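1. just need the structure, nothing else, for what follows:
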Amino acid sequence: MTVSVASKTSKPFLFKSSRALSGVSGKIWNVYLSGEIHSDWREVISKGIQERDLPVILTSPNTSHEDSDDCAAIIQGMQQERPNWDQQSALMNQIRTKTLLQNADVVVVRFGEKYRQWNAAFDAGYASAMGKPLITLHPPALSHMLKEVNASANVVCEGPEQVVQTLAYVICGELPPPKDGEKFVPIADRLGKGNPNP
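-> Okay, here's the model as predicted:
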């Protein structure tokens with residue numbers, strides 16, 4: 001779990017927008033990281049949050065596949081039939097998942113290419129039903145398969161660094177350099193002078 005307090009000084013690698021928020025509200029944000037457990041995406045987000053001193057607490061489901069499968073059999077004893085193990089372990093894991101999802105300010109759901117993350121899709125739907133701000137994270141190749149989930153998300157990210165950048169903007173008003181580099185054109189220039197809504 002990561003807890004850090006926001007710094008009021010800008011970092012050299014951050015693009016300081018003239019529209020940046022003045023100061024930080026003092027709120028500590030609870031961000032729940034759901035989904036794929038076979039890569040280091042949670043560690044990348046945690047490191048990015050620490051580097052930016054964002055006021056964030058990160059939580060997640062139990063990311064040990066073996067422990068989440070066997071918790072009931074270990075604690076309550078062996079069952080005769082495998083379906084009982086699955087049901088009892090799922091109910092036990094649900095205590096953590098439901099509690100942390102309900103307490104989250106933002107839910108990030110990661111979908112990976114190698115495995116089908118049924119639990120991640122369930123968490124995304126549950127978060128959406130509770131009205132939680134939702135960020136999905138997946139490779140562009142999965143966009144079509146996840147179109148319904150993405151339609152409920154506030155932000156769709158391709159990599160964990162974009163999640164960190166989104167949190168830095170939402171919490172502190174800090175923007176990175178434009179992803180498109182020199183091709184980026186501000187909206188005032190795109191709409192032209194005389195735009196009634198600059």
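
2. so Gln117 makes contact with Phe111?
-> Yes. Judged on Cβ atoms under 8 Å, Gln117 makes contact with Phe111 at a distance of 5.5 Å. Backbone N, C-alpha and C define where each C-beta goes, glycine included.

3. what touches both of the two?
-> Common contacts of Gln117 and Phe111, defined by Cβ atoms under 8 Å, 6 or more residues apart in numbering, comprise 35-36.

4. could you point out which residue ranges in the protein have low pLDDT?
-> For the chain, the stretches flagged by pLDDT under 70 are 1-25, 81-83, 194-198.

5. now the strands for it?
-> Counting by DSSP state E, the segments of the chain that form strands are 29-35, 56-59, 106-110, 134-137, 155-157.

6. redo those as TSV? Include distance to Val185.
-> Output for the strands of the chain, formatted as TSV (distance: least, Cβ to Cβ, whole Å):
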stretch	distance to Val185
strand 29-35	31
strand 56-59	31
strand 106-110	29
strand 134-137	25
strand 155-157	21
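
7. include mean neighbour count and distance to Lys193 when you put these into JSON lines, please.
-> Formatted as JSON lines, the strands of the chain follow (neighbours: other Cβ atoms under 10 Å; distance: least, Cβ to Cβ, whole Å):
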{"stretch": "strand 29-35", "mean neighbour count": "23", "distance to Lys193": "38"}
{"stretch": "strand 56-59", "mean neighbour count": "20", "distance to Lys193": "40"}
{"stretch": "strand 106-110", "mean neighbour count": "26", "distance to Lys193": "37"}
{"stretch": "strand 134-137", "mean neighbour count": "25", "distance to Lys193": "35"}
{"stretch": "strand 155-157", "mean neighbour count": "18", "distance to Lys193": "30"}
